[in-house]
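In: Provide a 3D model corresponding to the input given below.
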Amino acid sequence: MCGIAGILTSSIDLRNEKTLIENISKTLKMRGPDAKGEYVTPTTALIHRRLSVIDPEKGSQPMRFGKYIIVYNGELYNTDEVRDELISYGYEFDSHCDTEVVLKAYDKWQEESVKKLNGIFAYAVYNEKDNTLFMARDRIGVKPCFYAKVGDLFAFASRISSLLCIPQIKPIVNEEGLNEIFMLGPAKTIGKAIFKDISELPPAHYLTYKNGEIRIHLYWKLEAKENHETVSEAIEHTYSLVKDSIERQLVSDVPLATFLSGGLDSSIISKVASDYHKKNGNVLNTYSVDYTDNDKYFKKSLFQPNKDSDYIDLMSRAIGSQHHNIVLDNSDVASALEKAAVARCVPGFADVDSSLLLFCEEVKKNFTVCLSGECADEIFGGYPWYHRKEILFEECFPWARSTAARRNILKPDFLKDGEDYLQSAYSQTVALTSYLDSDSVLEKRMREMFVLNLNWFMQTLLARKDVMSMESSLEVRVPFCDYRLVEYAYNMPWEIKALDGREKGILRKAFENDLPYDIVWRKKSPYPKTHNPVYFDCVCRLAQQALDDKSCPLADMLNIDAVEKLMKNPDSMTEPWYGQLMQTPQVLAYIYQIYVWIKNYNVEFEL
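Out: Reported below is the predicted structural model:
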């Protein structure tokens, strides 16, 4: 993986902006610590930082072919197929890296080339002959891409902080941005970036920039299609698609490991990866995360019915992996909240972020590439809200059914239209759903839930995984995000998807002969959080620090008495802030991360 950025402008000579270009490059260093490259003319600057994974010697960027120059961040999983097709048209290749394939595919098929790519990516191709830019992002949105246009200046980057290096782009947040933070956060609307002048290129879109004009085009979307497979056919189809997606993502010229939580999704990935390694005479390394004394303080809940530690050893023994359990200190998790917030460049995901950051830093000591299980719950119906009828048909985001917890910490007259903003975001997403005329009421709702989860809950998790892993210079791949698998799952009848009345029933049945029984039929459990009161004490102190700083605008937005009441009585928050992942300790951590974000980026508010 890599970090990319670029500037197109006619008002300044970019050859004289060496300090600016270097500062932008520095913001991308952790995404690409192995090498850097630049292409600079009076009107254009393309910046690249490289984390070398495939063909380290020949994959340098920016890469040129004829009049085209590319900066690319990603991994292509059908490189061989696209390369072979290009060779049949007479193209020749100097490397076996995917960057060259993407570049020459654009030379051949122009905008249509992105439809041929299966992978995770964000890239830009500059045409130096006519001074135009093409920029594209992968279908599911695994890799980030942000852009801004101020006057005659257009800029793009993998990180928001890279764009904020440019003097013309101001760190201004208006009411819309505040609604994103307090009504939707840590989620955000696709296409938004919190800051007024910065936008996100949405997943499955490409952008063209010509003569000062931005045009954005959708190149892929979910379409409802008939599926008449029998249960046995669906089991076989699911197995082959999942296995193929995982195996495609095991290609690497540097050491590779997997994350193993003991849950179904990571166990499937680790099993396939282990078999792949054994064929080559190697042993797979697996990693899990836990917290000091977490077993001592663990409490069962609807969302987390059992501990991961009960299952990880079972799975590691079954596949013969070399397992590493990373135990995080609770104080360190709290201390890392600041680094995580700064890395995200927007208010973050509390300790769900900071713990992953520390975990990835440990994994990076020995490995450069890992595989992880994101997306399986979204596309195969793994969350409780798919299965509880009293939640399923509510006209709201199922992981944030009430704004009570959010309203409680805000001043009474702050963001008066927040609920309308929230409901509009929900309604606009549901309107994107594609149905069949033959769909039952239940099937229609399950399609809507699929779209809601894909466009919201999963986007939050993918942004977290990308930022925290790349801040550690670790590439994390997500095989369940293969768009072929997403398309297939979207059109799978619910009675097959929830086979035997279980969450992810079809996925369990497909791999029941490959995994231990207790792993296959274990109830879904989320990413592990700390339950240790040491962490709660730490975040209380950090939140109090934010409340006490009257020079920070945050103090004018919050109901300080209500926040302090949460510190004294954490059980008083009866409605979750964000599904199973954010309760009182995480809300306090979120407040602190907003504070850190405001201070670090000198955020200005326009109300």
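
In: centroid residue for the chain?
Out: Averaging the C-alpha coordinates of the chain gives a centre point, and the residue nearest to it by CA atoms, centre = their mean is residue 462 (1.4 Å).

In: for that one, which non-adjacent residue is spatially closest?
Out: Leaving aside its chain neighbours, residue 462 sits nearest to residue 142 (5.5 Å; criterion: CB to CB, 6 or more residues apart in numbering). Any C-beta I mention is one placed from the backbone N, CA and C, and that applies to glycine too.

In: burial measure for that neighbour, as a count.
Out: 26 (other CB atoms under 10 Å).

In: secondary structure class for it?
Out: Three states are possible here, and by DSSP: H, G, I helix; E, B strand; the rest coil the one that applies to residue 142 is coil.

In: any idea which element the residue nearest to the centre of the chain lies in?
Out: Under the criterion of DSSP states H and E, residue 462 resides in helix 458-470.

In: each with direction, which strands does whichever helix or strand comes after that helix pair with?
Out: In the C-terminal direction, the helix or strand that comes right after helix 458-470 (DSSP H and E) is strand 475-477. Partners of strand 475-477 in the sheet, by DSSP bridges, are strand 369-371 (parallel).

In: the residue nearest to residue 462: what's it in contact with?
Out: Residue 142 is in contact with 120, 462, 466, 478, 481, counting by CB atoms under 8 Å, 6 or more residues apart in numbering.

In: count the residues that sit near the first one.
Out: Just to be clear, that refers to residue 120. Residue neighbour count, defined by other CB under 10 Å, stands at 27 for residue 120.

In: is it true that it touches residue 143?
Out: Yes. Using CB atoms under 8 Å, residue 120 is in contact with residue 143, at 5.1 Å.

In: which residues are common contacts for the two?
Out: Counting by CB under 8 Å, 6+ apart, the common neighbours of residue 120 and residue 143 are residue 74.

In: ok, so what distance separates the residue of the chain most remote from its centre from residue 342?
Out: Relative to the mean C-alpha coordinate of the chain, counting by CA atoms, centre = their mean, the farthest residue is residue 90 (37.1 Å). Taking CB to CB, to the nearest Å as the measure, residue 90 falls 48 Å from residue 342.

In: low-confidence ranges, the stretch 251-400 of the chain, go.
Out: Applying pLDDT under 70 to the stretch 251-400 of the chain flags residues 297-307.

In: all helices of it, in order?
Out: Defined through DSSP state H, counting those that start in this stretch, the helices belonging to the stretch 251-400 of the chain, from first to last, are 264-279, 294-297, 309-319, 330-344, 350-364, 376-380, 389-392.

In: just name the most buried of those helices.
Out: Neighbour counts (mean count of other CB atoms under 10 Å) averaged over each of the helices of the stretch 251-400 of the chain peak at helix 376-380, with a mean of 26.

In: check which helices and strands that one is in contact with.
Out: In terms of contacts (3 or more CB pairs under 8 Å, 6 or more residues apart in numbering; DSSP states H and E), helix 376-380 is packed against helix 264-279, helix 483-490, helix 505-510.

In: let's go with 6 Å and repeat that
Out: Helix 376-380 sits against helix 483-490, with contacts defined as 3 or more CB pairs under 6 Å, 6 or more residues apart in numbering; DSSP states H and E.

In: what comes up buried for the helix or strand following the helix it packs on?
Out: Using DSSP H and E, the helix or strand that directly follows helix 483-490 along the chain is helix 494-497. Judged by neighbour count (16 or more other CB atoms under 10 Å), helix 494-497 contains these buried residues: 494, 496-497.

In: now stretch 544-556
Out: Judged by neighbour count (16+ other CB under 10 Å), stretch 544-556 contains these buried residues: 544, 546-547, 552, 554.

In: again with stretch 589-602
Out: Taking 16+ other CB under 10 Å as the neighbour-count basis, stretch 589-602 is seen to contain the buried residues 589-599, 601.

In: low-confidence regions, this protein specifically.
Out: Low-confidence regions of the chain, defined here as pLDDT under 70, cover residues 1, 54-58, 297-307.

In: list the contacts of residue 261.
Out: Under the criterion of CB atoms under 6 Å, 6 or more residues apart in numbering, the neighbours of residue 261 are residue 308.

In: phi and psi next, for residue 10.
Out: With angles defined as degrees, to the nearest 10, residue 10 shows backbone torsions of phi -120, psi 0.

In: for residue 42, see how far away it is.
Out: In this structure, residue 10 and residue 42 are separated by 9 Å, where distance is defined by CB to CB.

In: how about residue 562?
Out: Between residue 562 and residue 42 the distance is 55 Å, computed by CB to CB.

In: what about those two, which has more around it?
Out: Legend: neighbour count by other CB under 10 Å for residue 562 and residue 42, higher for residue 562 (16 against 12).

In: quick check: buried residues in the host helix or strand of the more buried one?
Out: Using DSSP H and E, residue 562 sits in helix 560-568. By 16+ other CB under 10 Å, the buried positions in helix 560-568 come out as 562-563, 566-567.

In: kindly report the same for stretch 190-202.
Out: Counting neighbours by 16+ other CB under 10 Å, one finds that the buried residues in stretch 190-202 are 190, 192-202.

In: got those as a markdown table, with distance to residue 440 and secondary structure columns?
Out: Output for the buried residues of stretch 190-202, formatted as a markdown table (distance: CB to CB, whole Å; DSSP: H, G, I helix; E, B strand; the rest coil):
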| residue | distance to residue 440 | secondary structure |
| --- | --- | --- |
| 190 | 28 | coil |
| 192 | 34 | strand |
| 193 | 38 | coil |
| 194 | 39 | coil |
| 195 | 43 | coil |
| 196 | 43 | coil |
| 197 | 45 | coil |
| 198 | 42 | strand |
| 199 | 38 | strand |
| 200 | 35 | strand |
| 201 | 36 | coil |
| 202 | 30 | coil |
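
In: closest one to residue 442 out of these, please.
Out: Minimum separation from residue 442 among the buried residues of stretch 190-202 (CB to CB) is found for residue 190, which lies at 26.2 Å.

In: what's stretch 414-430 in contact with?
Out: Contacts made with stretch 414-430 from outside it, assessed by CB under 6 Å, 6+ apart, are listed as 179, 183, 189, 397, 403, 448, 452, 455, 557.

In: so how far is that stretch off the chain centroid?
Out: Computed by CA atoms, centre = their mean, to the nearest Å, the separation of stretch 414-430 from the middle of its chain amounts to 23 Å.
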